[in-house]
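Participant: Sequence first, then the predicted structure:
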Amino acid sequence: MNKTLSLLACALLVATASGAATAQKGPAATKKLYCWNENGRKVCGDALPAHAVDSARTEINAKSGLATARVDRALTAEERAATAAQTQAARQVALAAQAAALRDRAMAESYATEADLRRAFAERIAVMDETVKASRLGVEGRRQSLVSLLSRAGENELASKPVPKAMADNIRGQHDQLLHQQALLGQQQLQREAIDEAQAAALVRYHALKKPASTAGS
């Protein structure tokens with residue numbers, strides 16, 4: 001029998017089914033009832049209609065009248081996409097943590113002492129310091145060239161002479177190059193600071209990884 005019942009009818013159906021189950025044995029003893037919300041009203045039935053398949057519902061044992069399962073509603077396409085994105089993000093975090101653990105282990109195995117680790121960073125620092133120094137010299141040289149060109153253009157204007165097109169184009173080109181070199185220098189300085197931060201973090205991890213070994217040996 002397939003029909004949707006009100007909450008009161010559901011209670012009566014559960015009681016009737018329970019009484020019938022005590023009088024006979026067989027498939028009726030395992031029959032299930034379903035309760036779900038429909039248009040703000042809780043309804044129950046001995047079968048789940050097609051339009052309620054995706055709704056949240058409670059499944060009830062017809063014999064005992066007790067809830068045996070609670071099924072959440074089906075997710076919307078947006079919710080499935082959000083869940084998939086969260087799962088992927090959690091997976092990426094887990095992979096990053098695993099990769100960090102592998103790097104730490106490799107670091108502990110690669111450097112026998114803290115001095116070895118510091119020497120490795122010192123080499124990177126020296127290279128970056130030379131790069132920053134060269135960029136600073138380049139910026140200063142480009143600035144002086146631009147100042148010289150601007151001075152000459154200013155003299156022409158003070159003398160009521162036009163600024164030659166070649167000079168104006170050269171000034172614009174020098175200015176663009178100066179801005180480019182300044183931006184590059186800024187990036188290099190940030191990289192230099194990042195090396196210091198990486199060294200500090202590496203030393204902390206190195207001490208944490210080496211401590212158990214030294215404790216065990218003592």
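Facilitator: Good, I have the coordinates. Numbers count the residues shown, from 1 in each chain.
Participant: Look up which helix or strand the spatially most central residue of the chain falls in, please.
Facilitator: Nearest to the mean C-alpha position of the chain, by C-alpha atoms, centre = their mean, lies A89 at 5.1 Å. Take DSSP states H and E as the rule and A89 turns out to sit in helix 77-110.
Participant: How is this structure divided into domains?
Facilitator: Per automatic domain parsing, the domain ranges recorded for the chain read 4-71, 77-110, 112-217.
Participant: I'd like those domains written out as CSV, with mean pLDDT added.
Facilitator: Written out in CSV, the entries for the domains of the chain read as follows (pLDDT from 0 to 100):
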stretch, mean pLDDT
domain 4-71, 69
domain 77-110, 76
domain 112-217, 89
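Participant: and the helix or strand harbouring G186 with helix 77-110, angle?
Facilitator: Element membership of G186, judged by DSSP H and E, is helix 165-217. On the basis of axes from the mean of the first three to the mean of the last three C-alpha atoms, to 10 degrees, helix 165-217 is oriented at 70 degrees to helix 77-110.
Participant: hmm, back to that, give the other helices and strands that the helix holding A89 contacts.
Facilitator: helix 165-217 (3 or more C-beta pairs under 8 Å, 6 or more residues apart in numbering; DSSP states H and E). C-beta coordinates here come from the backbone N, C-alpha and C atoms, glycine included.
Participant: Packing partners of the helix it packs on?
Facilitator: Using 3+ C-beta pairs under 8 Å, 6+ apart as the contact criterion, the secondary-structure elements in contact with helix 165-217 are helix 77-110, helix 114-158.
Participant: Would you quantify the distance from the residue lying farthest from the centre of the chain to E59?
Facilitator: Each residue of the chain has a distance to the centre, and by C-alpha atoms, centre = their mean the biggest one is for A159: 62.1 Å. When C-beta to C-beta, to the nearest Å is the yardstick, A159 and E59 sit 97 Å from each other.
Participant: do the same with A106
Facilitator: According to C-beta to C-beta, A106 stands 53 Å off from E59.
Participant: Give me the more crowded residue out of the two.
Facilitator: E59 (15 against 10; other C-beta atoms under 10 Å).
Participant: which SS state does that one fall under?
Facilitator: Three states are possible here, and by DSSP: H, G, I helix; E, B strand; the rest coil the one that applies to E59 is strand.
Participant: quick one: contacts for it?
Facilitator: The contact partners of E59, by C-beta atoms under 8 Å, 6 or more residues apart in numbering, come to K32, L33, Y34, A67, T68, A69, R70, V71.
Participant: Likewise for A56?
Facilitator: With C-beta under 8 Å, 6+ apart as the criterion, the residues that contact A56 are W36, N37, R70, V71, D72, R73.
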